[in-house]
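Undergrad: The following block contains a protein sequence and its predicted model.
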Amino acid sequence: MFSRDTWKEIFETIQKNKLRTFLSGFTVALGILIFVSLVGLTNGLQNTFNKFFSDDASNTFYLFAGRTTVPYKGYKSGRQIEFDNSDLVDIEENFPLFMEYVTPRITRSALVKYKNESNNYSTRAVAPSHQHAEKTIIMRGRYLNEQDVKNRTKYAVIGRLVEQDLFGTEDAIGKYVDVGGSMFKVIGVYQDDGGDDEERRLYLPYTTRQLIEKNTDKVDQMIVAFKPEIGYAGAMAFDKSLDKFLREKKYISPNDQQGIFIRNVADQLKQNQQFASVLAYIGGFIAFGTILAGIIGISNIMVFVVKERTKELGIRKALGATPRSVISSILLESVFITTISGILGMIIGIAILSSLGEKLEDFFITNPFINTGLAIFATVILILFGAIAGYIPAKRAASIKPIVALRDE
Amino acid sequence: MIEIKDLHKSYKMGSNSLHVLKGINFSVEEGELVAIMGSSGSGKSTLLNILGMLDELDEGSYTLDGVPIVNLNETKAANYRNKFLGFVFQSFNLINYKTAMENVALPLYYQRMPRKEREEKSLKYLDQVGLKEWATHLPSELSGGQKQRVAIARAMAAEPKVLLADEPTGALDSKTSYEVMDLIQKINDQGNTILIVTHEPDIANMCKRIVHLKDGIILEDKKVKQVRAAAYV
């Protein structure tokens, strides 16, 4: 079946029937190409969604305080709600089962100077656990620690680009920078995947910032992280009870939309993932449809090919071709064409995807890719169905009496 | 060489059954050149198809070169056809995308002959029919007579026991017909057994024996004095 002579005969048939070869090859190659592209683009879309969230931790709530809009328990509306250090302690004490860590964040813009270089940067006064919430990566030195918070040290952790701006090639560690009039010692340099803006910041101990601001105990914003093991449902429950707890403590009406606001990253992530996976299902459905269309296409062509060759097959049978050799020559021919063109379509598809890279980022598609296993699986499926689609008419043609086949005009 | 006893064959045409061959007894010796004659519908082509194992008989027996041809499945029939029989058709039945040489080599391919040998042999047979220079031409580039000669070369290449020709001159003008008959006579002169189905008396007279068929039975079976086709070429 696989002798050199058989293959030579097949190659000759293929060579001399170029249109037929082209049609079936093109159908298969196009089917696989579209399948690979569609799946790849859907994956690229999901990449974009994941990227929105990947540079920060996703098990966090961001707590914002605002101005009340509803009078409640004797308090007038229009009251400015503020968080303070006692809230941090209370949250920590009341939700030990849910909570992983809590960190304040006081954001101030400040003019930062080193020698002759100066620039305006945003500073964030935080607790040490803020490093996890922001996924800050320490390149050199260290991050803030509990001792810094306790002792109100004038230490700063600066972004990679801050160091580049102010220090040039110099090593910033151990140097003193002027942050809005106070001298801070640089103890660490960090990087962040979130982009350039994220690397143009300084992190200070929040207690130090409070000391500078007339020893206040107010904090702008709090970030609460829940234990990942409580899951999505647990996070939603935690979100609710945290909201309730703070409203009671701050005398805010449960109906007030403005007084306090919790941004639930887990919920947002979940919603986006759902959106992305719906898109993936749609993409997958269309891709599956393409494969199906490819299978139907190749089946049609095989039926046509066998029909067209009925007389030739009759001649071959009169000359001594056995049904087996008739079937195997049709099948080998079709499998050979579908394999070659299937692989070709797959390679072109993968090449297109990898050449795209970040070029389609404007369309929310980042690094489109297809799992090679899936691409090969789809190709094999198409080849397999091409073979089955060829086998049925080939078997019928092989069982037609040669005298009937010869009469076919 | 061929031994047929009490052969019956009918075709189903819808609800009707058409009895085409109604008891044929017939034998052919080695080296004979037999013409089977009859008007259309007399059953001559059916007889040839059964002899060629392209069709099955309903009743009776058929022995070819001492081998009883019974209970043939398609594979066995294909092997017998390949080993015992060569076919020449009225419409030539060459494969149109293969060159003359490749067409002649095709039965040898099914005999699993190595490629080189196949090519040598098919060239030899093309040479015998005078078409060696046309070996690389496609059937579409050949005239009717040339096509039939290629078909004869193809039938002979497998070195069959019997050559079966169904109206080999039916699609040719008389001059070309005689050329083809001349070729067939020469092949017969070499000792090959040949059966020709024809309805043309002048072609039948170029054979050595004429079997007349009418309405599914043999009307007449006589030896004739062969007219050499070479005289007309």
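TA: In hand now; what should we look at? It should be emphasised that the depicted structure is a prediction, and the values quoted were computed from it without experimental measurement.

Undergrad: what sits against residue 154?
TA: If you meant another chain, say so; for now it's chain A. Listed by Cβ atoms under 8 Å, 6 or more residues apart in numbering or on different chains, the contact partners of residue A:154 are A:182-185, A:204, A:208. Where C-beta positions appear, they are placed from N, C-alpha and C, glycine not excepted.

Undergrad: actually it's chain B I care about, not the one you picked
TA: A:319, B:86, B:94, B:103-104, B:106-107, B:122, B:125.

Undergrad: Mind putting the contacts of residue A:154 into CSV with pLDDT?
TA: Shown next, in CSV, are the contacts of residue A:154 (pLDDT from 0 to 100):
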residue, pLDDT
A:182, 90
A:183, 92
A:184, 93
A:185, 94
A:204, 94
A:208, 93
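
Undergrad: Just give me the closest of those to chain B.
TA: In terms of Cβ to the nearest Cβ, no member of these lies closer to chain B than residue A:204, at 83.2 Å.

Undergrad: From chain B, how far off is the residue nearest to the closest one when sequence neighbours are not counted?
TA: Distances taken as Cβ to Cβ, 6 or more residues apart in numbering or on different chains place residue A:125 nearest to residue A:204, at 4.7 Å, with adjacent residues excluded. With distances taken as Cβ to the nearest Cβ, to the nearest Å, residue A:125 is found 83 Å from chain B.

Undergrad: Where does residue A:125 fall, secondary structure wise?
TA: Here residue A:125 sits within strand A:117-126, counting by DSSP states H and E.

Undergrad: who's the residue nearest to residue A:204 bridged to?
TA: In this entry, residue A:125 is beta-bridged to residue A:106, residue A:204, by DSSP bridges.

Undergrad: check contacts around it.
TA: Taking Cβ under 8 Å, 6+ apart, one finds A:104-108, A:203-206, A:208-210 in contact with residue A:125.

Undergrad: any chance of the residues you listed in JSON lines, plus neighbour count?
TA: Formatted as JSON lines, those follow (neighbours: other Cβ atoms under 10 Å in any protein chain shown):
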{"residue": "A:104", "neighbour count": "26"}
{"residue": "A:105", "neighbour count": "20"}
{"residue": "A:106", "neighbour count": "19"}
{"residue": "A:107", "neighbour count": "13"}
{"residue": "A:108", "neighbour count": "17"}
{"residue": "A:203", "neighbour count": "25"}
{"residue": "A:204", "neighbour count": "26"}
{"residue": "A:205", "neighbour count": "27"}
{"residue": "A:206", "neighbour count": "26"}
{"residue": "A:208", "neighbour count": "22"}
{"residue": "A:209", "neighbour count": "25"}
{"residue": "A:210", "neighbour count": "20"}
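
Undergrad: and the stretch 301-409 of chain A, which residues reach chain B?
TA: Proximity of the stretch 301-409 of chain A to chain B, by Cβ under 8 Å from any Cβ of the partner chain, involves residues A:311-312, A:314-325, A:398-399, A:401-403, A:406.

Undergrad: Pull out the buried members of the residues you listed.
TA: Buried members of these, counted by 16 or more other Cβ atoms under 10 Å in any protein chain shown: A:311-312, A:314-323, A:325, A:398, A:401-403, A:406.
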